[in-house]
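Asks: starting from these lines, generate the structure:
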Amino acid sequence: MRKHGTVSTWKDDRGFGFIEPSVGGKQVFVHIKGFTNSSRRPVVGSCVSYEESMDAQGRLRAVNVQSLKNEFSPGPATMAFIVSTFFFMGVIVFVMSGILPNYVLWWLLGTSVMSFVMYAKDKAAAKKSSQRTPESTLHTLALVGGWPGALFAQELLRHKSRKKSFRTVFWVTVFLNVVALIYLASDYGIWLFDILENLLGQIGVGEQW
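Replies: Down below sits the predicted model:
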């Protein structure tokens with residue numbers, strides 16, 4: 001007989017958690033392999049239906065677990081995409097309003113794509129136990145504007161998303177990026193764009209941007 005419950009605990013890095021039965025009672029252990037129709041990783045608060053079974057040691061566990069789609073619960077990758085999209089929409093508004101020059105948008109897009117590619121490359125290298133991309137390189141790309149692509153890659157690829165020391169440094173780079181963008185969009189940052197545009201003009205690419 002199928003039962004209903006809610007995912008009360010989920011350890012994504014270890015692939016297991018517990019389900020709180022809707023009728024009350026003891027929580028039921030569930031492994032990621034017990035999910036049958038999930039297109040994304042389970043999250044705390046997700047409503048599920050399941051069957052109960054006993055493992056080889058006689059312990060109760062949930063099997064044939066199905067996520068109920070009666071409510072929308074965006075996963076980490078979806079939230080990262082939404083955050084990145086809203087950020088770029090804000091930059092586009094600034095560019096169209098003349099607050100920021102066009103090349104700022106192209107720079108942010110370019111570094112974000114590069115960040116995503118480097119995360120994907122490092123993820124593949126980790127699986128093959130081959131040469132990895134230094135964390136300093138990933139942080140540098142995020143620091144110079146590629147943090148939206150890095151954020152999306154972390155959650156979509158589930159890479160570097162659980163290492164606390166790495167994430168702490170990453171969020172520092174995000175904070176610095178936001179502060180820098182606010183400064184550049186203010187009257188105080190105009191002099192920096194004047195210097196950069198003069199340099200671009202001297203090498204003959206100013207009009208292209």
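Asks: any residues touching stretch 30-46, and which ones?
Replies: For stretch 30-46, contacts defined as C-beta atoms under 8 Å, 6 or more residues apart in numbering pick out 6-10, 12, 15-19, 48, 50, 61-68, 73, 75-78, 158. (Each C-beta comes from the backbone N, C-alpha and C, glycine too.)
Asks: tell me which of those residues fall in strands.
Replies: Among the contacts of stretch 30-46, the residues falling in strands (DSSP state E) are 6-10, 16-19, 48, 50, 61-67.
Asks: give me the buried subset of these.
Replies: Neighbour-count burial (16 or more other C-beta atoms under 10 Å) is assigned, among these, to 7, 10, 16-19, 48, 50, 61-63, 65-67.
Asks: give me the lowest-pLDDT entry from the residues you listed.
Replies: Within these, pLDDT reaches its minimum at Ser67, with 82.
Asks: flag the shaky bits of the chain, pLDDT-wise.
Replies: Applying pLDDT under 70 to the chain flags residues 37-40, 69-75, 191, 193-209.
Asks: ok, now with 50
Replies: Within the chain, the ranges that satisfy pLDDT under 50 run 206-207, 209.
Asks: which residues of it fall in helices?
Replies: 76-96, 102-128, 135-141, 147-156, 164-185, 190-202 (DSSP state H).
Asks: what's the most buried one of those?
Replies: Highest mean neighbour count among the helices of the chain (mean count of other C-beta atoms under 10 Å): helix 147-156, with a mean of 25.
Asks: now the angle from that helix to helix 76-96?
Replies: Orientation of helix 147-156 against helix 76-96 (axes from the mean of the first three to the mean of the last three C-alpha atoms, to 10 degrees) gives an angle of 170 degrees.
Asks: the inter-axis angle of helix 147-156 versus helix 164-185?
Replies: Going by the same axes, to 10 degrees, helix 147-156 makes 150 degrees with helix 164-185.
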